[in-house]
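*Asks:* quick one, structure for this:
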Amino acid sequence: MGRPIALKTPLVDLTKAGIVQLGLEVDAPLALTWSCYRGGPRPCGTCDACVLRAKGFAEAGIADPAV
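*Replies:* Numbering: from 1, shown residues only. Predicted structure coming up:
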């Protein structure tokens, strides 16, 4: 049968601002993270993923280090 698996989703109940705050608390390299739909070496700043990220940083009161 194999071994049972455990599916963990630690961010699912957090807002985008909460994820930013948690990232800061654990010293995550936020400048190296983004999920821009257009790809590329930097986030585009206009796709839905970039807009949601910007909103999360704004709500957390933190400047987005990736832009």
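*Asks:* list the contacts of the residue nearest to Ile62 when sequence neighbours are not counted.
*Replies:* Take Ile62 and drop its neighbours on the chain: the residue closest to it by C-beta to C-beta, 6 or more residues apart in numbering is Val20, 5.8 Å away. C-beta: built from backbone N, CA, C; applies to glycine. Counting by C-beta atoms under 8 Å, 6 or more residues apart in numbering, Val20 touches 30, 56-57, 59-60, 62.
*Asks:* of the residues you listed, just the buried ones, ChimeraX syntax please.
*Replies:* Typed into ChimeraX, the line below selects the buried ones among the contacts of Val20, using 16 or more other C-beta atoms under 10 Å:
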select :30,56,57,60
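*Asks:* max pairwise distance over the contacts of Val20: which two?
*Replies:* Using C-beta to C-beta, those reach their maximum pairwise distance at Leu30 and Glu59, which is 14.5 Å.
*Asks:* please enumerate the helices of this protein.
*Replies:* 16-25, 48-60 (DSSP state H).
*Asks:* any idea how far the shortest one is from the chain center?
*Replies:* Relative to its chain's centre, helix 16-25 lies at 8 Å (C-alpha atoms, centre = their mean, to the nearest Å).
*Asks:* and for the longest one?
*Replies:* When C-alpha coordinates are averaged (C-alpha atoms, centre = their mean), helix 48-60 and its chain have centres 9 Å apart.
*Asks:* run through the neighbouring helices and strands of that helix.
*Replies:* On a contact count with 3 or more C-beta pairs under 8 Å, 6 or more residues apart in numbering; DSSP states H and E, helix 48-60 meets helix 16-25.
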